[in-house]
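Engineer: Return atomic coordinates for the entry below.
(2 chains)
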There are 2 protein chains.
Amino acid sequence: MVSRTPPVADRPERAPRRRLSVDERREQLIAVALDLFSRAAPEDVSIDDIAAAAGASRPLVYHYFPGKQAIYEEALRRAGQELAGRFEEPHEGPLSERLLRVMGRYLDFVRSHGPGFAALLRGGSVTAGPAGNAVIDEVRRAAAEQILRHLAVAEPSPGLRRTVRAWIANAEITSLDWLATPEVPLEELQLQLVQEFVAALAVCAAREPALALELAGFLTAESADGPTGRLIRQLAGLLGVPGLADAVAVLAEG
Amino acid sequence: MVSRTPPVADRPERAPRRRLSVDERREQLIAVALDLFSRAAPEDVSIDDIAAAAGASRPLVYHYFPGKQAIYEEALRRAGQELAGRFEEPHEGPLSERLLRVMGRYLDFVRSHGPGFAALLRGGSVTAGPAGNAVIDEVRRAAAEQILRHLAVAEPSPGLRRTVRAWIANAEITSLDWLATPEVPLEELQLQLVQEFVAALAVCAAREPALALELAGFLTAESADGPTGRLIRQLAGLLGVPGLADAVAVLAEG
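Structural biologist: Okay, here's the model as predicted:
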């Protein structure tokens, strides 16, 4: 729908020093819109705001995009692609350390796109509508696929898929909470989310013999000072709490 | 906004045998609407559908409600109240068995209000809009408060609150998945969600000394054949998987 002919309404006095090419201008408008939509809910961003931030005229913005909805949807798609891209991670080293790096990038994205991210996830924005749901569904799907690929399970069971999706929902709600309490250090949530994933994987493996074998392989590759090693020592520490080891022993007897 | 005067447009030939009082009629319309909105997305339910299902005329429905949005929002509020009510549970017996009963009622609600529940949670319905978000936020808040009250922790830490909210998000996404794969037995998801809660609580307690003491108390009250006892034996069973116990021992050494 977007015209590829050069803008006629470009006003030299408000344009950046160098005249942008058609593609450059379009990209600049999307980047500016993405920045604005990251800092405010979509209903609070106007075409005039986008034009002003881009050093462009209102007609110029309309030359590239039929309206706010179109530029919002494009910004949303770009944000979704960027967010999904942050789940890409080389298949090397302990699993929990890979996930720790992924979560660092993910939470960094949340921090830098806060209000837009919140509006999108909450579906509370009328502007986001079906386009927003499609974007967030695609990010969830891409994230789940990336994580399942790292697990390298030949045929992920429905139970394992549920575990991964539930953990992604956990990451989302934890991110939304974080935006309301930004004083919590990124590193705390990053480690917590990874340790919760490891715990959820163990609970899933406890029910699924095939996954239990895989889990043994993952654990063998973990390092003592990584998220999994620290979690195991923290959990072992629980057994020192008065009464806890006894209670576990009684339940383990059956 | 709703008039309390008797309906003038009530057509005897379509009305139920006994003439309903104003309050009864209003309740009947809400009940019928709730049923319809449970079985289809809100955009696929019309005022005519509601009138037909209630054995009432279209003008009669409009006499009680200004339009579909109003009747939808009222049905939504009722559904939210009912759902929140399912989280109420006597403070007696092992914690995981209380939660198991709550999850049984919750999943039963999901099953009987499937499409409406999905539309609401996904925020994908334009009709639900801010009213839908308010309802679902209130259910989440009520559910979290109920669970925290069962935990009987004097001053829930931010970490514990995060754990509870993340687990509620897990229950939601697991429910949405279930609607797409209804062949999974309710009992399987019910047990899984409770065991995931227990595991998340243990991971949280592993970081928080005060909660660790509480956890010891909960575990002492658990029974061997309850969700926690079964989880502990399943996890203990993992240690029989070749290589797994060795890997855990190495990590526990630090």
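
Engineer: Show me what the helix or strand bottoming out on mean pLDDT in chain A is packed against.
Structural biologist: Between all helices and strands in chain A, the lowest mean by mean pLDDT, DSSP states H and E belongs to helix A:114-122, at a mean of 76. Helix A:114-122 sits against helix A:22-39, helix A:68-85, helix A:129-151, helix A:158-180, with contacts defined as 3 or more CB pairs under 8 Å, 6 or more residues apart in numbering or on different chains; DSSP states H and E. The C-beta positions use only the backbone N, C-alpha and C, and glycine is treated the same way.

Engineer: Redo these as a markdown table? Include mean pLDDT, distance to chain B and mean neighbour count.
Structural biologist: Listed next are those as a markdown table, based on pLDDT from 0 to 100; distance: least, CB to the nearest CB, whole Å; neighbours: other CB atoms under 10 Å in any protein chain shown:
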| stretch | mean pLDDT | distance to chain B | mean neighbour count |
| --- | --- | --- | --- |
| helix A:22-39 | 90 | 17 | 19 |
| helix A:68-85 | 89 | 14 | 19 |
| helix A:129-151 | 87 | 5 | 18 |
| helix A:158-180 | 93 | 4 | 20 |
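
Engineer: can you tell which of these is closest to residue A:110?
Structural biologist: helix A:158-180 (4.4 Å; CB to CB).

Engineer: After that closest one, heading C-terminal, what element do we hit next?
Structural biologist: Counting by DSSP states H and E, the next helix or strand C-terminal to helix A:158-180 is helix A:186-207.

Engineer: buried sites along that next one?
Structural biologist: A:186, A:189-207 (16 or more other CB atoms under 10 Å in any protein chain shown).

Engineer: can you list the helices and strands packed on helix A:114-122 in JSON lines and add distance to residue A:218?
Structural biologist: Formatted as JSON lines, the helices and strands packed on helix A:114-122 follow (distance: least, CB to CB, whole Å):
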{"stretch": "helix A:22-39", "distance to residue A:218": "35"}
{"stretch": "helix A:68-85", "distance to residue A:218": "24"}
{"stretch": "helix A:129-151", "distance to residue A:218": "8"}
{"stretch": "helix A:158-180", "distance to residue A:218": "13"}
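
Engineer: quick one: contacts for the residue nearest to residue A:61 when sequence neighbours are not counted?
Structural biologist: Once flanking residues are discounted, residue A:61 sits nearest to residue A:51: 4.9 Å by CB to CB, 6 or more residues apart in numbering or on different chains. Contact analysis of residue A:51 by CB atoms under 8 Å, 6 or more residues apart in numbering or on different chains lists A:57-58, A:60-61.

Engineer: How about residue A:100?
Structural biologist: Contacts of residue A:100 by CB under 8 Å, 6+ apart are A:190-191, A:194, A:226-227.

Engineer: in what helix or strand does it lie?
Structural biologist: Counting by DSSP H and E, residue A:100 is part of helix A:95-112.

Engineer: Distance from the chain centre to that helix, please.
Structural biologist: The chain centroid and the centroid of helix A:95-112 are separated by 8 Å under CA atoms, centre = their mean, to the nearest Å.

Engineer: send the alpha carbons of it over as PDB?
Structural biologist: Provided in PDB are the C-alpha atoms of helix A:95-112 (Å, rounded to 0.1, in the frame of the first residue of the first chain):
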ATOM      1  CA  LEU A  95      21.900 -24.900  28.500                       C
ATOM      2  CA  SER A  96      21.100 -22.600  31.400                       C
ATOM      3  CA  GLU A  97      23.800 -20.200  30.500                       C
ATOM      4  CA  ARG A  98      22.500 -19.900  26.900                       C
ATOM      5  CA  LEU A  99      19.100 -19.200  28.400                       C
ATOM      6  CA  LEU A 100      20.600 -16.700  30.800                       C
ATOM      7  CA  ARG A 101      22.100 -14.700  27.800                       C
ATOM      8  CA  VAL A 102      18.700 -14.900  26.000                       C
ATOM      9  CA  MET A 103      16.900 -13.600  29.000                       C
ATOM     10  CA  GLY A 104      19.400 -10.800  29.400                       C
ATOM     11  CA  ARG A 105      18.600  -9.600  25.900                       C
ATOM     12  CA  TYR A 106      14.900 -10.200  26.400                       C
ATOM     13  CA  LEU A 107      14.700  -8.100  29.600                       C
ATOM     14  CA  ASP A 108      16.800  -5.400  28.000                       C
ATOM     15  CA  PHE A 109      14.200  -5.200  25.200                       C
ATOM     16  CA  VAL A 110      11.400  -5.000  27.800                       C
ATOM     17  CA  ARG A 111      13.200  -2.200  29.500                       C
ATOM     18  CA  SER A 112      13.800  -0.200  26.400                       C
END
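
Engineer: can you give me the angle it makes with helix A:22-39?
Structural biologist: 90 degrees (axes from the mean of the first three to the mean of the last three CA atoms, to 10 degrees).

Engineer: Okay, buried residues for helix A:95-112 please.
Structural biologist: Across helix A:95-112, burial judged by 16+ other CB under 10 Å covers A:95-100, A:102-107, A:109-110.

Engineer: got the angle between it and helix A:114-122?
Structural biologist: Helix A:95-112 and helix A:114-122 are oriented at 110 degrees to each other (the same axes, to 10 degrees).

Engineer: what's the neighbour count on residue A:236?
Structural biologist: Residue A:236 has 16 neighbours, counted by other CB atoms under 10 Å in any protein chain shown.

Engineer: That one against residue B:251, yeah?
Structural biologist: No. Using CB atoms under 8 Å as the test, residue A:236 is too far from residue B:251 to be in contact (9.1 Å).

Engineer: And residue A:220, which helix or strand is it part of?
Structural biologist: Going by DSSP H and E, residue A:220 is part of helix A:209-221.

Engineer: Any chance you could list what contacts that helix?
Structural biologist: Contacts of helix A:209-221 (CB under 8 Å, 6+ apart): A:93-95, A:151-153, A:157, A:160, A:201-202, A:204-206, A:228, B:238, B:241-244, B:246-248, B:251.

Engineer: and the closest residue to residue A:95 other than its chain neighbours, how many neighbours?
Structural biologist: Counting by CB to CB, 6+ apart, residue A:95 lies nearest to residue A:218, which is 4.9 Å off, once chain neighbours are set aside. The number of residues packed near residue A:218 is 22, by other CB under 10 Å.

Engineer: the domain parsing of chain A - what is it?
Structural biologist: A:22-65, A:77-221 (automatic domain parsing).

Engineer: now these in a markdown table, with distance to residue B:166?
Structural biologist: Supplementary listing: those in a markdown table, determined by distance: least, CB to CB, whole Å:
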| stretch | distance to residue B:166 |
| --- | --- |
| domain A:22-65 | 24 |
| domain A:77-221 | 4 |
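
Engineer: For residue B:116, which of those is the nearest?
Structural biologist: domain A:77-221 (15.5 Å).

Engineer: Pull up the distance across the closest one, start to finish.
Structural biologist: 37 Å (CA to CA, to the nearest Å).

Engineer: Stretch A:119-137 now?
Structural biologist: Across stretch A:119-137, the terminal residues are separated by 15 Å (CA to CA).

Engineer: Return the distance of residue A:115 relative to chain B.
Structural biologist: To chain B, residue A:115 is 16 Å away according to CB to the nearest CB, to the nearest Å.

Engineer: residue contacts, that residue?
Structural biologist: Residue A:115 sits next to A:38-41, A:179 when contact means CB under 8 Å, 6+ apart.

Engineer: Give the full set of residues in contact with the residue lying closest to residue A:82 once chain neighbours are set aside.
Structural biologist: In this structure, residue A:82 finds its nearest non-sequential neighbour in residue A:109, 6.9 Å apart by CB to CB, 6+ apart. By CB under 8 Å, 6+ apart, the contact list for residue A:109 reads A:82-83, A:86, A:117.

Engineer: let's see 7 Å
Structural biologist: Contact analysis of residue A:109 by CB atoms under 7 Å, 6 or more residues apart in numbering or on different chains lists A:82-83, A:86.

Engineer: Fine by me, we can end here.
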